[in-house]
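>>> Here you go, sequence then predicted model.
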Amino acid sequence: MSAAPARPLLKPPRPEGLTGTAPSHLSKAMTIKGDLESDGEVVIHGYVSGQVTADRLVVSVGGCLEGDIIARDVRIEGRLSGRIFALNVTLDAAAEVSGRIFHNTITVAKGARIDARMPWRPPSYFETLEQLPEARA
Amino acid sequence: MSVFNRNEKDAGNNMAGGDKPRDAAPVTAAPAKPAQASVQPIGAAEPAKSIGVSVISKALRITGQLESTEDIRIDGEVDGDIHGVSVTVGPGAKVKGSVYGQTVELAGTIEGKIEAKKVVLTSTAHMAGDVIHQDIKIESGAYIDGHCRPGTNKLDSKPAEVKKPTVVAS
């Protein structure tokens, strides 16, 4: 933890024409220990332990993430243990989430297992977020 | 219970009927025939394939260690070691760290080491570091700054001993 990043963690939305980059797929057999940073879409089918920054993140069925998420859109169909900082959050019926969900809009499907607080924040909170608040138990 | 069962069956029949209205009657809950299976993947080929293969797209940057028992394709940036079966580093991709696998194909940049049974350096490859291989192909135009050494016994042992998870600040 040296100098804090001066720029917001959440990247500004990309112009429509530039969203053509193919999403990143991390397959079931993939294990990543470390941080992911993308200005596109990331789909996790495997296991990731670390912080994920993306425009859109999907933790797919069978996927598992241990760590914090900073993204515009988040969809959880698998397991998450950590915090979400996202404008739009969708928790699917198969989701298993523990941690905190900082959101602006949230959808929780029937059947999702949530053990988390879900604080609401205005959009400006996410757009100006420069450093994640310290994790509390 | 029985109501649910009937609904399921109905749904199955309906789906089968949608695929092949003529054969709907004999097809019950049995798995799809090979003929049907070969027809279906045409539309579904891409998603099925991309799930088996991990793709690190151009927009993604990973700091840490990747481990997979399947294939990996990297078009983005990785700062850390990569363990895979068949690892492809696409043009424009950048890897800082060691790459281990059965097959490693490099069209981008690696700063570190390659350790693989079969190594292919294409014409756009930029390799700064050693290559340990059993079988190597270097295309004209590839850049190498390092030693190419034939490795023998070491490559057969799976690289499971290297486990240095990066500390995640949260």
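Sure, I can see it.
>>> What segments of chain A are strands?
Remark: strands assigned in chain A by DSSP state E are A:24-26, A:30-38, A:41-44, A:47-49, A:52-59, A:64-66, A:69-76, A:79-91, A:96-108, A:113-117.
>>> cool, chain B as well?
B:54-56, B:60-68, B:72-74, B:77-79, B:82-83, B:86-89, B:94-106, B:109-121, B:126-128, B:131-133, B:135-138, B:143-145, B:148-150.
>>> how much space between whichever residue of chain A sits closest to chain B and A:Arg7?
Minimum separation of chain A from chain B (CB to the nearest CB) falls at A:Gly34, amounting to 1.0 Å. Just so you know, the C-beta spots here come from the backbone N, C-alpha and C atoms, and that holds for glycine as well. Separation of A:Gly34 from A:Arg7 (CB to CB, to the nearest Å) stands at 21 Å.
>>> What residues are bridge-paired with the residue minimising distance to the centre of chain A?
Nearest residue to the geometric centre of chain A (CA atoms, centre = their mean): A:Ile69, 3.2 Å. Bridge pairing for A:Ile69 (DSSP bridges) gives the partners A:Val52, A:Ile84.
>>> can I assume it is in contact with A:Ser81?
No. Between A:Ile69 and A:Ser81 there is no contact under CB atoms under 8 Å: 11.1 Å.
>>> Which segments of chain B make up each domain?
Domain assignment for chain B by automatic domain parsing gives B:2-39, B:54-150.
>>> Ok, which of the strands of chain B comes nearest A:Val74?
Checking the strands of chain B against A:Val74 by CB to CB gives strand B:60-68 as the closest, at 15.9 Å.
>>> for the closest one, packing partners?
Contacts defined by 3 or more CB pairs under 8 Å, 6 or more residues apart in numbering or on different chains; DSSP states H and E place strand B:60-68 against strand A:30-38, strand B:54-56, strand B:77-79, strand B:82-83.
>>> So which residues on chain A come close to chain B?
A:1, A:21-42, A:45-46, A:49-51, A:54-55, A:67-68, A:82-83, A:132, A:135 (CB under 8 Å from any CB of the partner chain).
>>> if I pick A:Glu96, what's in contact with it?
Counting by CB atoms under 8 Å, 6 or more residues apart in numbering or on different chains, A:Glu96 makes contact with A:Gly78, A:Arg79, A:Leu80, A:Ala112, A:Arg113.
>>> any idea how far A:Ala135 is from the fourth one?
Taking CB to CB as the criterion, A:Ala112 is separated from A:Ala135 by 22 Å.
>>> and these two? which has more neighbours close in?
Taking other CB atoms under 10 Å in any protein chain shown, A:Ala112 and A:Ala135 do not tie; A:Ala112 has more neighbours (17 against 12).
>>> Might one say that that one is in contact with A:Val89?
No. The pair A:Ala112 / A:Val89 is not scored as a contact, 11.0 Å apart, by CB under 8 Å.
>>> any shared contact partners between these two?
With CB under 8 Å, 6+ apart, A:Ala112 and A:Val89 have common neighbours A:Ile76.
>>> coming back round to it: please verify my assumption that the residue of chain A closest to chain B contacts B:Arg61.
No. With contact defined as CB under 8 Å, A:Gly34 does not reach B:Arg61; the gap is 10.3 Å.
>>> Would you mind naming the residues that bridge with B:Glu77?
Beta-bridge partners for B:Glu77, by DSSP bridges, are B:Arg61, B:Lys94.
>>> who are the neighbours in contact with it?
Neighbours of B:Glu77 in contact, by CB under 8 Å, 6+ apart: B:Leu60, B:Arg61, B:Ile62, B:Ala93, B:Lys94, B:Val95.
>>> Please report how far the fourth one lies from A:Trp120.
Translated: B:Ala93. B:Ala93 is 39 Å from A:Trp120, by CB to CB.
>>> So between those two, which is more surrounded?
Counted by other CB under 10 Å, B:Ala93 and A:Trp120 do not tie: B:Ala93 has more neighbours, with 21 against 11.
>>> Skip the chain neighbours and tell me the closest residue to that one.
Spatial nearest neighbour of B:Ala93, chain neighbours left out: B:Gly108 (3.5 Å); criterion: CB to CB, 6 or more residues apart in numbering or on different chains.
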